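K.L.:
Dropping the sequence and predicted coords here.
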Amino acid sequence: MKVNSIVSYNLNSGRLNNIQVKENKTGGIKISPDKTSLANIPFMSLGSRASKYIARLELPCEALTELPCFYCREPMIGRKIFRSIKWPKEFVDISSKVIIADLIRKQQKLTLAQKRLLGHIATLHKNEFKLPFRDLIKKTNNPSNYFPDINDFYKVAPEIYNKQLIETLEPFKFYMHSVESSAFELIKKLHSQFPQRTFQQLLSMLREPNLKTLENEQLEILNRIEQILKPLHTRTTTETRGDRKDKIIALEIKILITDTKNIMKHSSSDEGFRRKVFIRNLNNLTKQGYNRALFGDIRKLAEKLPTSRTSKSAFIVKYSGKVSAPDGTFQYKSSQGIAHNLICSAQFTLDHLLALGLGGENSLHNAVGACAHCNNELKGKIKFKQFIKRPHVIENIKFHMQYLIDNVDKIHDGENNIRNLAKTLEELSEGKIKIDLSAFESQTSLRDVI
């Protein structure tokens, strides 16, 4: 027997009830109301993209509740906590099958015309089982408000659903990065004024001013890239083959920037500037050049283009419009999708100092805990010795190691693991990162005396 859980709105009491829907082998459906509160709706587990063999590796320090990110010092949400978040079920996505069954159960209160329409909808649903209930009604050429109880339910659902989403996110506010935290505060403020609107609709109210701010930030980076390219446009008496090749590449980059600026000015909200596409095209051009230092500076500058993780304006613009879907289309992000993006940057992930693809081991001395933002968006495929050249990374790593040393008694075999990790850091950084382990030496001598 299959058991699903949905939420229904009781028009008489004005409250939401949790309903258990049981489907037996013969296809019959039995619905029974339950007094369980909305907070106890079975959660939707957000699975990690990590491979199974990576997921099995658990760091001894992972149990520390205030463990900071290895690269940015920001607090992280533990993997077990993140996967057990109880997201409220989306009301507007409730199965048509369940609504039809609920109406059949209440058919004594329906008029004769409503009963006939319900029978027609039930027959239509057998072939169109993926359609929402309101679309089934439209296919019968009847008004969508033919069932007033259902219509009232759809009116009240977004308000209660968004309130529950905010209550779900509230305990994780401490873990949110600065951009996500400020966006969350804006959503809460607007929700109190416009409770019926979804998260996407609330953010769309702030779209225009933030779009202008974002465009100014992007144009500043693009103009700086053009300034770097200027020396390549000057003619010299002695030009090598490499110089001529670099000039051609510089001209192609200038065309790319010009096309990008035109897209920003004249494109629709669904087909605006795409940072990843621009950086990919730019990298393909610059990697062909001979002047590696100059083109390397251009690539580094392009990486500073604002993203939804580094700019509040970029976050608002991205999630107030349509985002790319897995099927290649552009769709509006659901409220739960936006809620997930507010905290996913702080998720604990396992990062290998020396990547597995470069010969690194899947062992404790080669693995650290990093937030999803640093692991996926910043570090990515960059080698460790290149990544530590970024501002504040080395001092943040030393802060993290000092935190582990201070909490060594809470870590299983902590001293041994910290020593191995410190050795790996020194080797991969070619001596740039040296961890002071004198605290362990004093503890060892004290043990010997005792």
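P.N.:
Nice, I can see it.
K.L.:
Walking through the stretch 201-350 of the chain, point out its strands one by one.
P.N.:
Secondary structure of the stretch 201-350 of the chain by DSSP state E, counting those that start in this stretch: the strands cover 322-324, 330-332, 348-352.
K.L.:
Give me the most central residue, this structure.
P.N.:
Geometric centre of the chain, nearest residue: residue 341, 3.5 Å, by C-alpha atoms, centre = their mean.
K.L.:
Let me see the contact set for that one.
P.N.:
With contact set as C-beta atoms under 8 Å, 6 or more residues apart in numbering, residue 341 has these partners: 180, 308, 319, 333. All C-beta atoms are positioned from the backbone trio N, CA, C, and that covers glycine.
K.L.:
rerun at 7 Å
P.N.:
Residues near residue 341 by C-beta atoms under 7 Å, 6 or more residues apart in numbering: residue 319.
K.L.:
mind checking which of the strands of the stretch 201-350 of the chain is nearest residue 133?
P.N.:
Proximity to residue 133 (C-beta to C-beta) singles out strand 330-332 among these, at 20.3 Å.
K.L.:
what's in contact with that closest one?
P.N.:
By C-beta under 7 Å, 6+ apart, strand 330-332 touches 200, 270, 322-325.
K.L.:
Reformat these as CSV; add distance to residue 244, pLDDT and neighbour count.
P.N.:
Shown next, in CSV, are the contacts of strand 330-332 (distance: C-beta to C-beta, whole Å; pLDDT from 0 to 100; neighbours: other C-beta atoms under 10 Å):
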residue, distance to residue 244, pLDDT, neighbour count
200, 50, 91, 18
270, 40, 50, 13
322, 43, 81, 18
323, 41, 79, 17
324, 38, 75, 12
325, 43, 73, 11
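K.L.:
Closest to residue 295 out of these?
P.N.:
residue 324 (28.1 Å).
K.L.:
Relative to residue 313, how far out is the closest one?
P.N.:
According to C-beta to C-beta, to the nearest Å, residue 324 and residue 313 sit 19 Å apart.
K.L.:
What score does residue 307 have for pLDDT?
P.N.:
If you check residue 307, the pLDDT there is 89.
K.L.:
What of the one 3 residues further on?
P.N.:
Among the per-residue scores, residue 310 shows a pLDDT of 89.
K.L.:
so what's it up against?
P.N.:
residue 179 are the contacts of residue 310 under C-beta under 7 Å, 6+ apart.
K.L.:
tell me the phi and psi of it?
P.N.:
phi -110, psi -10 (degrees, to the nearest 10).
K.L.:
any idea how far residue 362 is from it?
P.N.:
For residue 310, the distance to residue 362 - C-beta to C-beta - is 30 Å.
K.L.:
Please apply the same query to residue 379.
P.N.:
17 Å.
K.L.:
Give me the more crowded residue out of the two.
P.N.:
residue 379 (22 against 14; other C-beta atoms under 10 Å).
K.L.:
thinking again about what came up before, so of the strands of the stretch 201-350 of the chain, which one's packed in deepest?
P.N.:
strand 348-352 (a mean of 21; mean count of other C-beta atoms under 10 Å).
K.L.:
partners of it, with directions?
P.N.:
strand 367-371 (antiparallel) (DSSP bridges).
K.L.:
now the strand it pairs with: how far from the chain's centre is it?
P.N.:
Its chain's C-alpha centre and that of strand 367-371 lie 17 Å apart, by C-alpha atoms, centre = their mean, to the nearest Å.
K.L.:
Next: stretch 364-372.
P.N.:
19 Å.
K.L.:
quick one: contacts for residue 335?
P.N.:
So residue 335 contacts 161-162, 165, 198-200 (C-beta under 7 Å, 6+ apart).
K.L.:
6 Å instead?
P.N.:
For residue 335, the contacting residues are 162, 165, 198-199, by C-beta atoms under 6 Å, 6 or more residues apart in numbering.
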